[in-house]
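> show me how the following folds:
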Amino acid sequence: MSTSSDYPLIVIGAGAAGLAAAAALRDAGYTPLLLEARNRIGGRVWTDTQRGVVELGAEFIHGDQATTWAIVQAAGLATQRAPEAREIALGGTRYPADDPLTLRVEQLYDRLCDPAEHAHAPEYSAAAWMRRIAPDDPAGELALRLAANIEAADVERLSAAAVAHERAGWQAGTGNFHVLNGYSRVMAALATGLDIRLNSPVRQITWQPGNATLRLDDPAQTTLTARAVIITVPLGVLQAGDLTFTPDLPPATTEALHALDMGHVSKLVLWFERVCWDLPGFSSTDGIISTWWQEPAAKPPALMGYTGGLAGLHLAEIGEAAALAHALDELTQLFGTRLRQAFLHGRLAAWSHDQWSRGAYSYTPIGAGAARDQLATPIANTLFLAGEATVTNGHVATVHGAIESGRRAAQTVLKICFSG
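Down below sits the predicted model:
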């Protein structure tokens, strides 16, 4: 038995972009329906509160001027700036932040992100560019691992020029900040007063100018119609064809969707009886787990292991037990056997194997520089894409960029569809 309803506005996806879009529409006097495939809001923001607060998805507010701060402050959430010190570990040997090797890694990474390095030059992958300027240099390889981690990218495909261009557009300030109450509290604040329907994956959109019919994958075989639809489904899900369109999306949009790449991230959280490590901030390593830091609000204390790019996909594929075993081996090498003895339990969040994201966040391969602008372009003034993959300033792959994209889509919808 199918059911059908009409709405003027529908937003697909209750992650940061969808919540921000729906909240902006609500504030303008409209009441959109927000559809979410998961059984929770937040999307790639996912806080585990079973043992204090740890972030299985997005973790930091990136920048002291990020859009997120207005929401955090209005909700009265506590934050803490993350230590900026970064050590390097090579072959189990730790090099502090002021060591020449560590400084060389940071110098090479900064050069990779410098627009002047790529002006009037052919477009190279990050890996090819690094091999040109630092051949056979261990610091160059470590700088590439840092890039793979931050961009969640295959550095053989990642455009060095695009990384630099995106850094040049950054306007969110400096520093990285934890939300001690949990990042999911930011999503809950955005969601206040919204009409959200969970467990409601949209499988097909049949559209024409001024009208769209959505078919849900639910027992009721629900169909919904709307004047305009804001689609904040992650890039990986769209690329996989899990949401289909009739007729197909315009060729320029389809080409842009497949020009970008969806990056891979796996996160490991390991809880311990006590703090048994001396970690001043971040530790970037040449191990399977690329970066470590301490979770400030975990109880009992916990270390977060973060791995992006192809190494992150590898962790997802070997599974939780093997990933935790690797993690303990590498941590023992870094901090000694006392750490293994104090280990309690751990958890793997493998975003590449999450059916509603199919990856962590997007990155820009060689030749895809115009793709994000194309994705941000309305389709027949009826379908409007939002989300971090559609960000056209330097805030790609961030929560605050996703929030900004949702608000942009909402303002575009209001201007095009409801200004008269």
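
> every contact and neighbour count from this point should use C-alpha atoms.
OK.

> got the buried residues for stretch 202-218?
202-205, 207-208, 211-217 (16 or more other C-alpha atoms under 10 Å).

> next: stretch 135-142.
Ala139, Gly140, Glu141, Leu142.

> does Arg227 sit in a helix, a strand or a coil?
Assigned with DSSP: H, G, I helix; E, B strand; the rest coil, Arg227 falls in the strand class.

> please apply the same query to Arg215.
The three-state assignment at Arg215 reads strand, by three-state DSSP.

> distance of the residue nearest to it when sequence neighbours are not counted from Ile205?
Among residues not flanking Arg215 along the chain, Thr223 sits closest, at 4.6 Å (C-alpha to C-alpha, 6 or more residues apart in numbering). Counting by C-alpha to C-alpha, to the nearest Å, the separation of Thr223 from Ile205 is 10 Å.

> give me the common contacts of the two.
Shared contacts of Thr223 and Ile205, defined by C-alpha atoms under 8 Å, 6 or more residues apart in numbering, comprise Thr213, Leu214, Arg215.

> identify the residues contacting the first one.
Neighbouring residues of Thr213 by C-alpha under 8 Å, 6+ apart: Ile205, Thr206, Trp207, Thr223, Leu224, Thr225, Ala226.

> next: the second one.
Applying C-alpha under 8 Å, 6+ apart, we find Leu214 in contact with Val202, Arg203, Gln204, Ile205, Thr206, Thr223, Leu224, Thr225.

> can you tell me which of those is nearest Pro280?
Closest approach between these and Pro280, by C-alpha to C-alpha: Val202, at 45.1 Å.

> show me the contacts for the residue lying closest to Thr93 once chain neighbours are set aside.
Distances taken as C-alpha to C-alpha, 6+ apart put Leu334 closest to Thr93, at 7.1 Å, once the chain neighbours are dropped. The contact partners of Leu334, by C-alpha under 8 Å, 6+ apart, come to Ala89, Gly92, Thr93, Arg94.

> so which other helices or strands are in contact with whichever strand or helix holds Gln239?
Assessed by DSSP states H and E, Gln239 sits inside helix 235-240. Applying 3 or more C-alpha pairs under 8 Å, 6 or more residues apart in numbering; DSSP states H and E, we find helix 235-240 packed against helix 251-259.

> could you list the buried residues of the helix it packs on?
Thr253, Thr254, Ala256, Leu257, His258, Ala259.

> can you add secondary structure, pLDDT and distance to Ala360 and give the buried residues of stretch 135-142 back as a markdown table?
Formatted as a markdown table, these follow (DSSP: H, G, I helix; E, B strand; the rest coil; pLDDT from 0 to 100; distance: C-alpha to C-alpha, whole Å):
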| residue | secondary structure | pLDDT | distance to Ala360 |
| --- | --- | --- | --- |
| Ala139 | helix | 96 | 26 |
| Gly140 | helix | 96 | 25 |
| Glu141 | helix | 95 | 23 |
| Leu142 | helix | 96 | 21 |
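
> and which of these is nearest to Val155?
Distances from Val155 to the buried residues of stretch 135-142, taken by C-alpha to C-alpha, are shortest for Glu141, at 10.7 Å.

> list the contacts for that closest one?
Per C-alpha under 8 Å, 6+ apart, neighbours of Glu141: none.

> for the longest helix along the chain, name the packing helices and strands.
Taking DSSP state H as the criterion, the chain has its longest helix at helix 399-417. Contacts defined by 3+ C-alpha pairs under 8 Å, 6+ apart place helix 399-417 against helix 16-27, helix 68-75, strand 223-231, strand 383-385.

> please identify the deepest-packed of these.
helix 16-27 (a mean of 27; mean count of other C-alpha atoms under 10 Å).

> residues making contact with it?
Contacts of helix 16-27 (C-alpha under 8 Å, 6+ apart): 11-13, 31-34, 42-43, 45, 187, 190-191, 194, 230-232, 386-388, 399-400, 402-411, 414.

> try 6 Å this time
Helix 16-27 is touched from outside by Leu190, Ala191, Thr232, Gly387, Ala402, Ile403, Gly406, Arg407, Ala410, with contacts defined as C-alpha atoms under 6 Å, 6 or more residues apart in numbering.

> over to stretch 275-282?
Contacts of stretch 275-282 (C-alpha under 6 Å, 6+ apart): Pro83, Ala85, Arg86, Trp292, Trp293, Phe335, Leu339.

> got it, and stretch 53-70?
Stretch 53-70 has contacts (C-alpha under 6 Å, 6+ apart) with 44-48, 172-178, 182, 297-298, 349, 400.

> okay, and which of the residues you listed map to helices?
His400.

> just the buried residues of the contacts of stretch 53-70.
44-47, 172, 176-178, 182, 297-298, 349, 400.

> which one of those is nearest to Ala240?
For the buried ones among the contacts of stretch 53-70, the nearest to Ala240 is Arg44 (17.4 Å; C-alpha to C-alpha).

> do you know how far the closest one is from Ser352?
11 Å.
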